[in-house]
Every structure is written in C-alpha cells, then in structure tokens.
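Undergrad: Next come a sequence and a model predicted from it.
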Amino acid sequence: MELQKMKNGHSKDDGFDGLERMAERDEFLPGKSDEKKEMHFTDFEGKTSFGMSIFNLSNAIMGSGILGLAYAMSNTGIILFLILLVSIAILSGYSIHLLLKSAGVVGIRAYEQLGNRAFGHPGKVVAACIITVHNIGAMSSYLFIVKSELPLVIQAFLGQTENTGEWFMNGNYLIMICSTTIILPLATMKQLGYLGYTSGFSLSCMVFFLISVIYKKFNIPCPLGETLTNTTSWMDLPQVNGTDTMIDDSCEAKMFTMNSQTAYTVPILAFAFVCHPEVLPIYTELRDATKKRMQTVANVSILAMFVMYLLTALFGYLTFYTEVESELLATYSKVDPLDTLILCVRLAVLVAVTLTVPVVLFPIRRALLQILFPDKPFHWGRHIIIAICLLCIVNVLVIFVPSIRDIFGIIGATSAPSLIFILPGVFYIRIVPEEQEPLFSRPKIQAAVFAGLGVIFMVMSLSFIIIDWSTGESRSGGGH
C-alpha cells in the first residue's frame, strides 16, 4: 500500500525542508483568503500532469493487499464485501480531503510535518512511527509473497508437482538470499533514482494479474477435483436432474456470511487503500495544484482501484469459493502447479514486489534519521546499518509469521486505520483555526466522528483477531 511514488518524498521533500520550516514558523492570519494561504504550499511549481498524477496515486494505492481480497470476500459474502469496499473507498477519499485542507492551511507537504504542526515534536514522532510500522508491514507482505511464491516458481521450472524439500525450495532461505543479494544493494543506494519507475511495472503486473484471474475463472472447474480438457466447456459437464454434478455447497456463492475469519476483512480492505503518506508529495508536484484538482486526482485514483479490487475479489472468489486462500496466487497451485500462465503471473509479481521493497524502505530510514539524528549530515555508516537492521527485522517477521493474512490483519487493524481515519481527523481539528471553523462547527464534528470511527474499527478488529488467535479457529487454508 503505500509504496510506489516514494521518489517524490526524497527527491523533492528534501529540497523543501527550508520552506516547510518557514511555513511552520508562520502564524495563521485569519484575514487572508484560502487562495493566498495555499501559495505556501504551491511555492514549488509542479510539473506533473493531471493524468500522470492519477497514475502515480493509483500506484501508491495498489499493493500486496489485492492478493487478499478474494479471501476477504469468501468470509463476508459478495454483498457484505461490496458494502464494506464501497464504505472504505468513500472514507479514504474523505480522509484525503481532510489532509489536503490541513496542508493548505499551513503549507506543509509531509505527513510527519502535519503531526509536528498539530502536536509539536511528539506528534511528528507518532506520525513517523505509524508510517514506519505500516511500511514495515508492507515490506513484510511483499517478502511473504516471495516466501510463498518463489518456491512454486522454482518447482515449476524443475517440472516438479510437489516440493521435494531441497534447501533451494525453502521459502525462508529464499527470502534471506533475495534480501542480501538483490534488496540490500538497492536499499543502500543514496538516492532512489530509477527505482521509482518500478511503480509503472508494478501496476502493469497487477493488471496482468487481474486479466489472468478473470480468464482462469472460466477454465477452472469447481470442485477443484474436476478437470477440464482443452476441448471441454462448462456446458459439456455431466448433468443430473438439470443440475451440474460438480456443484455442491462448497461451489455456491454466498451473499452474506460470517465466521471467525470475517474479522480480517476490514483490516485487509483498509490495508489495500492506504496511500495517504504519498498524497502530499504528489500534490506538491501536480501542475496547477489546487485542493479541488488534487481531490479529483484522488477520487479518480480511488475509483480505478475500487474497480480493480472488486473484479479481482469477485472473480477470484467465484473461481475457488470456500477454497480460496489468504494469498490468492497460492490457491492456483491446487489446480495445476505447472500452469504456464500462472507461472508468468507469479514471475511478474515476484519481480515487482522484490523491486518495491527498497522503495518502501527509503521513507522508513528517512523517518528514523529525522527522529534519531535530526541535525546530522548524511553518513554512509548510518545509511547502511539502518537498512540492514530493517531487513533483518522484516525477515524475522516473515519467517515466524505463519500467514500473510496475519500481516494484513495486524497492520490493517493498527497503522491503516491510524493513517486513514484517526490522524487526518485529529490533524484537521488541531490545524484548522477556530477563527475559520469553530470547534463545534459541522466540519470539525464530522472530523471528530471520523477519527472516532477509526478508533472503533481498530479496537473491534484487534479484539476479533486476538479472539481468533486465542481460540485457534484459523482456517487451515490460511497459512503456507
């Protein structure tokens, strides 16, 4: 989530630090118009077109969360999932409105700096810590995909239908090898550089993934024990009393359903829509930047991702029904481990997520350097040691966490509601002056309710997840 336009946060934000500090020192003047106040924010003349900004923000929204949406639908039913997906998308758009309004008042382009303006240094630390936790969760989800998918790719290349247990098919060894040979060298670069362009490739991979999911829906029978030949169609399957013999309760789409895994749905959806730390850098680079123009960029991006998420979840669920796993790609191995199309999808997704990990690592390191060494110049030792420590932490998490569902659940239940609901609402209340909007005005009451809703989501989701863990009722398909 969270993930793709990080190059803006480094190549541009670093150059704006002086302007941000000036904006933070300036007192708000109630007599000035919104247009005048926003000049602080748009002192830098953006060069990015409206269409490219939509592309960048869509990349920021798109992430590994898309792989868990079919699993979420299987535990809620189609109608309940649709209601929740629409709700999260609308609320995400509203939270971006709060961020843009707050940033326009004080001329700040960074999430952490909004925290500093609202609550001083503690606010900056809290915002930086939440972003750090969320990005560590995102890195973990990417490496978990490497852990579960790379052994299957090697297995397919060797022409084997089962994992024979060699060390080079052990996911734990593979993520350590990838981390040291590919990710660490890229993460120790001083600048992101060309890594920012992997965002386009990543989005292309996910579009390819969606097309493949839709195509496979019409080529995989249910139950999975049935097989279809190249010349067999759904209409050719045996019929008994006008009903397909292959259809049973496990192959019926549920409109509404509730079980112990339903608690993971809202966190998975929240995790999938987090893009908020990247909104302000993208706003800064937008040509002819205004709040209305950037809000339109956000709305179109959220709508595009809503359509992709819905189609992926729907066709993935209608392919496997109750058999869908928490990481959708892994479910296809139940059908044909050597399927060429799925192998191509796996390779594309693996390359995309591997190259995205160092992009996500950069803002974590930058936040840590700002908190721990705010006045220190660049030093290669600190730069490399922080990268190594972060990768070690993420590797340990991925090795010991049994399922990607748990990563989606915990991060989606803690940092995601904070970034989408709680912090934007609280920042808005604190930053927008009472001369402009009194404390009990409708916009601030709405912002307070919005932040409160995030707290409720967080508490309920965490409670249900902890109950699920304690009762040990996790579905066997959830882990790998």
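TA: Noted; the coordinates are in hand.

Undergrad: The closest residue to T265 other than its chain neighbours: helix or strand, and which one exactly?
TA: Of all residues beyond its chain neighbours, the one nearest T265 is A72 (4.4 Å), with distances taken as C-beta to C-beta, 6 or more residues apart in numbering. Yep, even glycine has a C-beta here, placed from its N, CA and C like the rest. A72 belongs to helix 69-74 when assigned by DSSP states H and E.

Undergrad: which other helices and strands contact that helix?
TA: Applying 3 or more C-beta pairs under 8 Å, 6 or more residues apart in numbering; DSSP states H and E, we find helix 69-74 packed against helix 265-273, helix 291-320, helix 328-331.

Undergrad: Pick the most deeply packed of those helices.
TA: For the helices and strands packed on helix 69-74, the largest average neighbour count (mean count of other C-beta atoms under 10 Å) is found in helix 265-273, namely a mean of 29.

Undergrad: Contacts made by that one with the rest, please.
TA: 1, 61, 63, 65-66, 68-69, 71-72, 75-76, 81, 84-85, 88-89, 92, 137, 141, 302, 305, 309, 405, 408-413, 416-417, 420, 457, 460-461, 465 (C-beta atoms under 8 Å, 6 or more residues apart in numbering).

Undergrad: quick one: low-confidence ranges for the stretch 201-350 of the chain?
TA: Where the stretch 201-350 of the chain drops to pLDDT under 70, the residues are 223-249.

Undergrad: how about a cut-off of 90?
TA: Within the stretch 201-350 of the chain, the stretches with pLDDT under 90 are 201-209, 216-294, 319-350.

Undergrad: Next, format the helices and strands packed on helix 69-74 as CSV and append distance to N116.
TA: Listed next are those as CSV, based on distance: least, C-beta to C-beta, whole Å:
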stretch, distance to N116
helix 265-273, 25
helix 291-320, 21
helix 328-331, 40
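
Undergrad: Out of those, which gets nearest to Y215?
TA: Closest approach to Y215 among the helices and strands packed on helix 69-74 is made by helix 291-320 (8.9 Å; C-beta to C-beta).

Undergrad: Which other helices and strands does the closest one contact?
TA: In terms of contacts (3+ C-beta pairs under 8 Å, 6+ apart), helix 291-320 is packed against helix 50-61, helix 69-74, helix 78-106, helix 198-217, helix 265-273, helix 276-285, helix 328-331.

Undergrad: Now with 7 Å, please.
TA: Secondary-structure packing of helix 291-320 (3 or more C-beta pairs under 7 Å, 6 or more residues apart in numbering; DSSP states H and E): helix 50-61, helix 69-74, helix 78-106, helix 198-217.

Undergrad: if you compare these, which one is most tucked away?
TA: helix 69-74 (a mean of 28).

Undergrad: Show residues contacting that one.
TA: Here helix 69-74 makes contact (C-beta atoms under 7 Å, 6 or more residues apart in numbering) with 81, 264-265, 268-269, 272, 309, 312-314, 316-317, 321-322, 324-326, 328, 405.

Undergrad: Can I get that helix in PDB, CA atoms only?
TA: C-alpha atoms of helix 69-74 as PDB (Å, rounded to 0.1, in the frame of the first residue of the first chain):
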ATOM      1  CA  LEU A  69      -9.300  -9.500  -1.300                       C
ATOM      2  CA  ALA A  70     -10.800 -12.800  -2.600                       C
ATOM      3  CA  TYR A  71     -10.100 -14.400   0.800                       C
ATOM      4  CA  ALA A  72     -11.900 -11.400   2.400                       C
ATOM      5  CA  MET A  73     -14.900 -11.900   0.100                       C
ATOM      6  CA  SER A  74     -15.100 -15.600   0.900                       C
END
